[in-house]
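Enquirer: Sequence and predicted structure are below.
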Amino acid sequence: MAPNNIRYLYNSKTGIELIYCVNSTISYPLHNHISVLTIGIVLDGSVILTANRDTRTYNKNDTFAILPYVPHSISADNNYTMLSLCIDKNIARQYSTDIVQNNIITMLTNTLNMKKISHYQIIRLLNCLDILTDFSDYRYDNQNPFINDLKRQLELYPESRLSIEEMAKRAFVSKYHFIRSFKAEVGLTPHQFQIQNRIRKAQRLMHKAETITEVALTTGFCDQSHFIKQFEKQVGLTPLIYKMSSDII
């Protein structure tokens, strides 16, 4: 475990990402997960999760599930230990719940000290996978075709230097009408959505690039200091500490 007590593990074969926080106090601002189902369990302490404007405190052994594009934030008054799994939509649609469950058990067994997670907590977490049945039919497209196209572009190419004015011009609407429409359908402003996707891409590039500056420029940031500030805001860690804490398997 790295000094920050957070470990990120991404399985490039299954598309499952594991996030293990131990005695953490990090809060995460409003964001959403694109094309990803997130399930998690509080192993110790408590967190405050706000999703779809509904705020709830989750205590030890409480589980949660967050569908793609659902805006949510996490805050904490005290230390908490939490295990989260982000499951790519393609995995959820191509494989049965049993196969996904077996992949998760293998990932947990091979990467974590299982003595720190009780058998009961593992069962509680895996029970969240029942949502996969509904998730396979989940539709995450919006009613507005232009916003759908723009959303996909910002997901695939977040480094594109598109200003809000340019986006609104393409939609043939005013800047403020465009921002309101995008946020109403996606849950975030266009700028928030673009930044979070740049940071997600940066997380994937961190192990391949030689320098942080290279990652910053590749993901569309003008300078390293702005990139570091946004990265820490979104992830809760500096890029360097994140790199120390994460592995691709």
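Expert: Now that the structure is in, tell me what you want to look at.
Enquirer: hey, let's count contacts and neighbours off CA atoms from now on
Expert: OK.
Enquirer: List the contacts of the most centrally placed residue in the chain.
Expert: Most central residue of the chain, judged by C-alpha distance to the mean C-alpha position with C-alpha atoms, centre = their mean, is residue 33 at 4.6 Å. Listed by C-alpha atoms under 8 Å, 6 or more residues apart in numbering, the contact partners of residue 33 are 67-70.
Enquirer: Of those, which is the nearest to residue 195?
Expert: Taking C-alpha to C-alpha as the measure, residue 195 sits nearest to residue 69 out of these, at 14.8 Å.
Enquirer: so that closest one sits in a helix?
Expert: No - applying DSSP: H, G, I helix; E, B strand; the rest coil, one finds residue 69 to be coil, outside a helix.
Enquirer: Next up, phi/psi of it, please.
Expert: The main-chain torsion angles of residue 69 are listed as degrees, to the nearest 10 and equal phi 70, psi 0.
Enquirer: ok, and the closest non-adjacent residue to residue 158?
Expert: The shortest distance from residue 158 to any non-neighbouring residue, by C-alpha to C-alpha, 6 or more residues apart in numbering, is to residue 198 (5.2 Å).
Enquirer: ranges for the strands of this structure?
Expert: 6-11, 16-24, 28-31, 36-51, 54-59, 63-66, 72-75, 80-88, 246-248 (DSSP state E).
Enquirer: what's across from the nearest residue to residue 45 once chain neighbours are set aside in the sheet?
Expert: Once flanking residues are discounted, residue 45 sits nearest to residue 80: 4.4 Å by C-alpha to C-alpha, 6+ apart. Residues in a beta bridge with residue 80, per DSSP bridges, are residue 24, residue 45.
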